[in-house]
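# have a look; sequence and predicted model below, questions after that.
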Amino acid sequence: MKSLDDKELVAAIVDRQSAAIAELYDRYSGMLQALSHRVLGDASDAEEVLQEAFLQVWNQAGRYDSKRSSVSTWLVLITRSRSIDRLRSRQVQQRTVKSAGQENPATHTSPQGVGNVLLQERRNRLRQEMKQLPDEQSQVLEMAFFKGMTQSEISEETGIPLGTVKTRTLLAMKKLRKALSDDIRELL
Amino acid sequence: MNLTSNENFEDRVISELLDRLNDDGTPSVGDSGESSQSQSDELIREYLEVLGLLAYDLEPAGPSPAVKERLMSAIEGDLSADPKSTVDPIEPSEGAKVIMMPDRKRPSWALPLAASFAFALLGFSIWQSNHLTSQKGTIEDLAGRLHDANRQIADATDYRASLRKAESNLALVSSPGVEVCALHPADAELSQKDARGTLFVAANHSSWYLRLDGLVPCPLGRKHQIWFVKSDGTAESGGVFDVKPGEGIEVTSDIMPIDTVAVMITLEPEGGSIEPTGPSVLYGDDVMRIL
């Protein structure tokens, strides 16, 4: 299974091969756990969401459409969506950590390999580009993505006019698309 | 397609993606607008990948091994229950924290029940619409009545003022003696050189009537104020007023100090003053007694 790429793993999951989802879990559980932890601010909740997300992948792998997104983006969006649903239902916003990097465990249990090296390189590039964004742009982007806030809610919470929030978000997205064009091409 | 429309389309794609981000699954943007379908699909996909890449900004956090164990246990249980099924709910293993998927088999009574509910909802909506229309008519009727009542109150206030003025004038003309005092422009106030005034006072000072003509309207923030100057030199206010261009004015009251020796009109701040502070406009102390 380790030799299969992400799309092939999803195809194997459709064929009900449990080893395929185990491999997919090994590849992405670290990142998805961090994502859910960032949204929920609680490691235990994040683990429950992670399990639910992979069960959803197991049951709905047939719905994955490679023309719409890469497997990793599909996994990220499923996990984020479930995390935000839980965040809203449990009203745990106050526990959301300000900085996931400070509270997330530093350990990385995913197996080492070529794949992880590539992921680490991609992570480094993304971090570098995120640092290039002005604070006000990365702020609105993080509130929209990690807190699940609409642009109107961001405007209300920050006191920034809605038009300004939209402009900052658009600028941030366009910059990232341009800066990460190589990574995007790889994923496509 | 020009650059501006390209940018607008790109902005719309981003905004719609963010708006739909909280929907379950992978969001998509349906309306491609003026762009071709393939271009729009490409753009949508690229921005989806941007969103997916945001998670790479986080330091990976290893979940506990128990998560994978529970996951695989649930999956193995699913496989052993129905290896070919892709839609049946998963039977969780003992201790596993699994959210059960609902049974998707639809009961036979579900459709009739849904239809009944829909008809009931439709009926309720129609009733509520009629009810709201009726309430709106009632509100408009009440607003009309309130308007009429306010107009009658205003009319009554005018009648009361007219009646009081008539009573004052009647007291004046029926008085056993009337004093008349002509008011002339103060020397220093050349801008009011055409102003004239005549004050009629009942001999017992029970009422007075002042007729003024030729006064220039007050500047912004100022008002004319009538003063009754008493024998000790102090002045008592008779009220503030303003005039319209080219119009005369009549002022009347039944309050006047008994030892009044002169009448003066000054220009004061809006709202009036406790004692004369502004320039004198008209002044009169030459009293002539009639009868």
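Looks like it arrived, so ask away.
# B:Ala202: neighbour count?
Look at B:Ala202: counted by other Cβ atoms under 10 Å in any protein chain shown, it has 21 neighbours. The way it works is simple: take the backbone N, C-alpha and C, and place the C-beta from them, glycine included.
# again but with A:Leu141, I slipped
Neighbours of A:Leu141 under the rule other Cβ under 10 Å: 25.
# give me phi/psi at the nearest residue to it once chain neighbours are set aside?
Computed as Cβ to Cβ, 6 or more residues apart in numbering or on different chains, the closest residue to A:Leu141 that is not its neighbour in sequence is A:Ala172, at 4.6 Å. With angles defined as degrees, to the nearest 10, A:Ala172 sits at phi -60, psi -40.
# so which residue is dead centre in chain A?
A:Val76 (3.7 Å; Cα atoms, centre = their mean).
# show me what contacts it?
Residues near A:Val76 by Cβ atoms under 8 Å, 6 or more residues apart in numbering or on different chains: A:31-32, A:35, B:51-52, B:54-55.
# in the one helix or strand it maps to, what counts as buried?
Following DSSP states H and E, one finds A:Val76 within helix A:71-90. By 16 or more other Cβ atoms under 10 Å in any protein chain shown, the buried positions in helix A:71-90 come out as A:71-87.
# contacting residues for the residue in chain A positioned nearest to chain B?
Among all residues of chain A, A:Thr73 sits closest to chain B, at 2.7 Å; criterion: Cβ to the nearest Cβ. Neighbouring residues of A:Thr73 by Cβ under 8 Å, 6+ apart: A:187, B:26, B:48-49, B:51-53.
# out of everything not next to it in sequence, what's closest to it?
That would be B:Gly52: by Cβ to Cβ, 6+ apart, it lies 2.7 Å from A:Thr73.
# the one you found and A:Val71 touch, don't they?
No - using Cβ atoms under 8 Å, B:Gly52 is not in contact with A:Val71, being 9.4 Å away.
# quick one: the helices in the chain?
The chain I'm using is chain A. Ranges of helices in chain A, per DSSP state H, are A:6-14, A:18-40, A:43-60, A:71-90, A:100-103, A:114-132, A:135-146, A:151-158, A:162-179, A:181-187.
# was after chain B, sorry
Going by DSSP H, chain B shows helices at B:3-19, B:37-53, B:65-81, B:110-173.
# residue contacts, the residue in the stretch 1-150 of chain B positioned nearest to chain A?
Residue of the stretch 1-150 of chain B nearest chain A, by Cβ to the nearest Cβ: B:Gly52 (2.7 Å). Each residue near B:Gly52 by Cβ under 8 Å, 6+ apart is listed here: A:69-70, A:72-74, A:76-77, A:187.
# of the residues you listed, which pair is most distant in space?
Maximum pairwise distance among those (Cβ to Cβ): 13.1 Å, between A:Leu77 and A:Leu187.
# neighbours of A:Ala11, how many?
Neighbours of A:Ala11 using other Cβ under 10 Å come to 17.
# flag every buried residue along stretch B:160-173.
Those would be B:168, B:171-172, for stretch B:160-173 by 16+ other Cβ under 10 Å.
# now swap in stretch A:119-133 and tell me
For stretch A:119-133, using 16+ other Cβ under 10 Å, the buried residues are A:119, A:122-123, A:125-126, A:129-130, A:133.
# among the residues you listed, which are within reach of chain B?
Of the residues in those, proximity to chain B by Cβ under 8 Å from any Cβ of the partner chain holds for A:119, A:122-123, A:126, A:130.
# just send those back as TSV, with pLDDT too.
Formatted as TSV, these follow (pLDDT from 0 to 100):
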residue	pLDDT
A:Leu119	75
A:Arg122	80
A:Arg123	82
A:Leu126	83
A:Met130	85
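# do you know the pLDDT at residue 76?
Using chain A. Reported pLDDT at A:Val76 in the predicted model: 92.
# sorry, I should have been clearer: chain B.
86.
# wait, it sits on A:Ser18?
Yes - using Cβ under 8 Å, B:Glu76 is in contact with A:Ser18, at 6.3 Å.
# if you count what's nearby, which of the two comes out ahead?
Taking neighbours as other Cβ under 10 Å, B:Glu76 and A:Ser18 compare with A:Ser18 leading, 16 against 12.
# pLDDT at that one, what is it?
89.
# and it, how far from B:Tyr56?
Counting by Cβ to Cβ, to the nearest Å, the gap from A:Ser18 to B:Tyr56 is 27 Å.
# do A:Arg68 as well
In terms of Cβ to Cβ, A:Arg68 sits 19 Å off from B:Tyr56.
# out of these two, which sits in the busier spot?
When neighbours are counted by other Cβ under 10 Å, A:Arg68 and B:Tyr56 differ, and B:Tyr56 comes out ahead with 24 against 16.
# hmm, the more buried one is touching A:Glu121, no?
No - applying Cβ under 8 Å as the test, B:Tyr56 and A:Glu121 come out as separate, 9.9 Å apart.
# for chain A, name the helix or strand with the lowest mean pLDDT.
helix A:100-103 (a mean of 46; mean pLDDT, DSSP states H and E).
# report pLDDT for A:Ser81.
At A:Ser81, pLDDT is 90.
# please disregard the earlier target; I meant A:Thr109.
For A:Thr109, the predicted pLDDT is 47.
# and if you look at the one 5 residues further on?
Reading off the confidence values, A:Val114 has pLDDT 46.
# how close does the closest residue to A:Lys166 other than its chain neighbours sit to A:Arg168?
Using Cβ to Cβ, 6+ apart and skipping the chain neighbours, the partner closest in space to A:Lys166 is A:Gln151 (5.6 Å). For A:Gln151, the distance to A:Arg168 (Cβ to Cβ) stands at 10 Å.
# low-confidence stretches in chain A?
A:90-116 (pLDDT under 70).
# now with 80?
Within chain A, the ranges that satisfy pLDDT under 80 run A:1-2, A:89-120, A:186-188.
# equivalent analysis for the stretch 1-150 of chain B, please.
For the stretch 1-150 of chain B, the ranges with pLDDT under 80 are B:1-9, B:19-41, B:61-62, B:78-109.
# wait, B:Leu51 sits on B:Ile14?
No - counting by Cβ under 8 Å, B:Leu51 does not reach B:Ile14; the two are 9.7 Å apart.
# and A:Glu153, how many neighbours?
So A:Glu153, with other Cβ under 10 Å, has 14 neighbours.
# should've said B:Ser253
B:Ser253, neighbours per other Cβ under 10 Å, totals 15.
# can you tell me how far it is from chain A?
56 Å (Cβ to the nearest Cβ, to the nearest Å).
# contact partners for that residue?
B:168, B:207-208, B:238-239.
# tell me the contacts of the residue nearest to A:Asp6 when sequence neighbours are not counted?
Leaving aside its chain neighbours, A:Asp6 sits nearest to A:Val71 (3.6 Å; criterion: Cβ to Cβ, 6+ apart). Residues in contact with A:Val71 (Cβ under 8 Å, 6+ apart) are A:6-7, A:9-10, A:24, A:64.
# now which of those would you call buried?
If we count by 16+ other Cβ under 10 Å, these have these buried: A:6, A:9-10, A:24, A:64.
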